[in-house]
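Chemist: got a predicted model here, sequence first, then my questions.
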Amino acid sequence: MFVLKFPKRFYLSSSIPDYLHNHIDSFLFAKRISHSNALLSTHAFLITTGNAHNKFIASKLIASYASLNQPHYSTKIFESLAFADHFLCNSIIKAHFSNGNHRQALEFFSRMLVSGNLPTQFTIPMVVSACAELRLLSVGMSVHGLVSKVNLLCGNTAVGASFVYMYSKCGGVEYACHVFDEMTVRDVVVWTALVVGCVLNGKSGKGWEYLCEMHRVGSNCERLNSRTFEGGLQACGDLCALIKGKSLHALALKSGFVSSDMVQSAILSMYSKCGSPGDARVSFHEVVDKDLLSWMSIIGIYARLGRTYECFHMLLEIQASGIYPDGIVISCVISGLANFNRISEGKAFHGFILRRNLVTDEIVYTSLLSMYCKFGLLDLAEKIFIGCCDHVQDSWNVMVAGYEKAGLEMKCIMLFREMQHRGITSDSNSLMSVISSCSRLGAEHFGRSIHCYMIKNLMFEKVSIGNSLINMYGKCRNLVVAERLFHYTRQDITTWNSLISCYTDNGNSFKAIALFDRMISKGLKPNAATLVILLSACAQIASMEKGRSIHDYIIEQGLCSDVSIATALVDMYAKCGEIDTAKEIFDYMNEKDVVSWNVMISCYGMHGHGKSAIEIFQRMEEHDARPNELTFLAVLSACAHAGLVDEGKSLFHKMKEYSLTPTMKHYACMVDLYGRSGCLNEAEALVSSMPFAPDGGIWGCLLTACKMHNNVEMGMKIAKRAVEADPENDGYYILISDFYSSMNMWEDVEQVRRMMKDRGVRKTVGWSAV
């Protein structure tokens, strides 16, 4: 027969009747008091009986008030006590920690140490987790030192797991791995904390390795739970590792965890990230309680694949199921439309949002703005921006980037300046956009002010921003600052490419090649962009020897199939005079883009092979490759150099078939073609029919043609028209003066000089780089 023995009472009992003992006992051994009034009544009773200061009863009161979300009463009880040992300190720390008052929990821990009470294995997990939530890595490391000193980590999985969690949460996953490696005893909580920590810190590959090791160990206390499966599936999604994800899905099914809502959502998200719509659809239907995250996952994959109809259909299904789509779901659809340039569907969906009164929060406004910027519809983007710029700060960054992508550099710079005046924080995208705009405009002064702004605001943590500045200074021909930035910037392969490109763009091809050799000596592997830039440098100085050695390296690395590299090789060999080798490489290319065709046409043009250039153009049409403005510029230039008037005229008119409008450069090519061939009347008629005013290049071509064919009368007429069009342009007077001097018309030369003097037109001072 078993005899049940009750514990000795831990409170004063001699002065109160026996019937009240049951009241106190029921309070002490109650699991939870659900009503505040009942607790207050019991508290009052304990005070009147003189037991309120008993440490066990006080601890119970502290915990009870905390369970009712009233930790301030817990604090008052603790403060009223004349003493406080580690037991009571743990109670008050837990009271605040459980209510999310992490900073107060740390304050009481600090007081605990000051009072001479050492922490226990129950204290540390709460304190370390509080450090994690507050991202106080330095405080957490101090606690780690204390724990090591009092030897609380050895053999205690709860303490070890808390440090793994804290370091992972604070971004120190290497420290988390170190703690894990030192632990002699591990359970599922520790393993899961490390797996999830690696994944959340962008180390999904490492997280997957730990999960596999955990599964291999396979003891009862180290088997995967639902949280481990969730972390592993997230790792597979981040790595786009579909096969691994499917194997983990099968393990979850075998282990019986696939019925967990958490795991079901993770499986759906994994298939979505891996781009497997069929598997994602099946997983979606298996989710019993579909929440907003489940709907977002399935809509997200359809949006990324550009399947507009499915996106709209699923959005209607969300509403029919009684779930209201939030801004993130709507922005997923908008981003999908933007990325696939679905202009009409994008406008229609914008109207749908307004008609259905769907969420139009900051995320939606920013997504709509980004969508119209990607579409190139800056007028509509500006309307949205004006309507939301006062309350959506991210819209400024999106609009700055939109102007830069649309080629509106001045608008980009002016809007960025307005951002600074208003005190709106710039992100890395807007900074790189405005730096790029400065590069294109050669606006070094404003670029320097942005550089100062970045130094002042400590914004050099991203290598890409430093690379953009190097490019900007290179475009502005300030190689001294570009080199200085290169040496002080944390370097990646793009940093090396940027400086090599700066040297190449500024005609310092030998320096570019030397920097490449230095890069190789440091053990860095060049990428496609590096090789393209370097081949351009070789082409500039016609360095066939260096070009061939780079070609050999490309063959060794198996990079010949890269379109951009093959195109650069064609250009390099052609500029080095090896047109046959260039043609051989071009014919060997399995895939050709419009740039490849343009380069081959230009190669024949620069060598005077006009008919071969036209043949390449015809082959391009046969391969259904759509010519662009540069294609026609290259083939018209080839015709001009070869004197192919009829062919050039036919090609010029053919631009309309491709909905291309001739630019000033196209007209200049045609004028040059007519002028070289002696068709001066046709050249003059073409200039008269131009939809915009001719520039100096056009007048120069005409005057050169008149000089070449000794047509003084037309030359004088063209000269007069040029000066009338822009009387303050000194270049026109110089062209006319050169024309007259070539015809030995010295009186007219003197008259031109007097005309310049009378009109106050000054000749631009020449300079020499020698």
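Modeler: In hand now; what should we look at?
Chemist: from here on, just use CA atoms for contacts and neighbour counts.
Modeler: Noted.
Chemist: please, where are all the helices along the stretch 151-300 of the chain?
Modeler: Assigned by DSSP state H, counting those that start in this stretch, the helices in the stretch 151-300 of the chain fall at 157-169, 173-182, 188-200, 204-217, 226-239, 242-255, 261-273, 277-286, 292-304.
Chemist: for residue 144, find the nearest of the ones you listed.
Modeler: helix 157-169 (7.6 Å; CA to CA).
Chemist: mind checking which helix or strand of this protein has the lowest mean pLDDT?
Modeler: When each helix and strand of the chain is scored by mean pLDDT, DSSP states H and E, helix 18-29 comes last, with a mean of 59.
Chemist: hmm, back to that, now the helices of the stretch 151-300 of the chain in JSON lines, with distance to residue 561, mean neighbour count and mean pLDDT?
Modeler: Formatted as JSON lines, the helices of the stretch 151-300 of the chain follow (distance: least, CA to CA, whole Å; neighbours: other CA atoms under 10 Å; pLDDT from 0 to 100):
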{"stretch": "helix 157-169", "distance to residue 561": "42", "mean neighbour count": "26", "mean pLDDT": "93"}
{"stretch": "helix 173-182", "distance to residue 561": "39", "mean neighbour count": "17", "mean pLDDT": "92"}
{"stretch": "helix 188-200", "distance to residue 561": "35", "mean neighbour count": "25", "mean pLDDT": "93"}
{"stretch": "helix 204-217", "distance to residue 561": "29", "mean neighbour count": "18", "mean pLDDT": "92"}
{"stretch": "helix 226-239", "distance to residue 561": "26", "mean neighbour count": "25", "mean pLDDT": "94"}
{"stretch": "helix 242-255", "distance to residue 561": "27", "mean neighbour count": "16", "mean pLDDT": "93"}
{"stretch": "helix 261-273", "distance to residue 561": "28", "mean neighbour count": "25", "mean pLDDT": "89"}
{"stretch": "helix 277-286", "distance to residue 561": "30", "mean neighbour count": "17", "mean pLDDT": "87"}
{"stretch": "helix 292-304", "distance to residue 561": "27", "mean neighbour count": "22", "mean pLDDT": "85"}
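Chemist: residues contacting residue 396?
Modeler: 385, 389, 415, 416, 419 (CA atoms under 8 Å, 6 or more residues apart in numbering).
Chemist: element containing it?
Modeler: In the assignment (DSSP states H and E), residue 396 maps to helix 394-405.
Chemist: before we move on, what about residue 564?
Modeler: Using DSSP H and E, residue 564 falls in helix 563-575.
Chemist: distance from the chain centre to that helix, please.
Modeler: Put simply, helix 563-575 sits 30 Å off its chain's centre (CA atoms, centre = their mean, to the nearest Å).
Chemist: and stretch 65-85, by the same measure?
Modeler: Going by CA atoms, centre = their mean, where stretch 65-85 is centred and where its chain is centred differ by 49 Å.
Chemist: please save the CA atoms from that stretch in PDB.
Modeler: Only the C-alpha atoms of stretch 65-85 are listed here, as PDB (Å, rounded to 0.1, in the frame of the first residue of the first chain):
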ATOM      1  CA  TYR A  65       1.000  38.400 -11.900                       C
ATOM      2  CA  ALA A  66       3.300  37.800 -14.800                       C
ATOM      3  CA  SER A  67       1.000  35.100 -16.200                       C
ATOM      4  CA  LEU A  68      -1.800  37.800 -16.200                       C
ATOM      5  CA  ASN A  69       0.400  40.200 -18.200                       C
ATOM      6  CA  GLN A  70       0.900  42.400 -15.100                       C
ATOM      7  CA  PRO A  71       4.700  42.300 -14.600                       C
ATOM      8  CA  HIS A  72       4.700  45.800 -13.000                       C
ATOM      9  CA  TYR A  73       2.900  44.200  -9.900                       C
ATOM     10  CA  SER A  74       5.600  41.500 -10.000                       C
ATOM     11  CA  THR A  75       8.200  44.200  -9.800                       C
ATOM     12  CA  LYS A  76       6.500  45.900  -6.800                       C
ATOM     13  CA  ILE A  77       6.400  42.600  -4.900                       C
ATOM     14  CA  PHE A  78      10.100  42.000  -5.600                       C
ATOM     15  CA  GLU A  79      11.000  45.500  -4.500                       C
ATOM     16  CA  SER A  80       9.100  45.100  -1.300                       C
ATOM     17  CA  LEU A  81      11.200  42.100  -0.200                       C
ATOM     18  CA  ALA A  82      13.900  42.700   2.300                       C
ATOM     19  CA  PHE A  83      16.100  40.000   0.700                       C
ATOM     20  CA  ALA A  84      16.500  38.500  -2.800                       C
ATOM     21  CA  ASP A  85      18.300  35.200  -3.400                       C
END
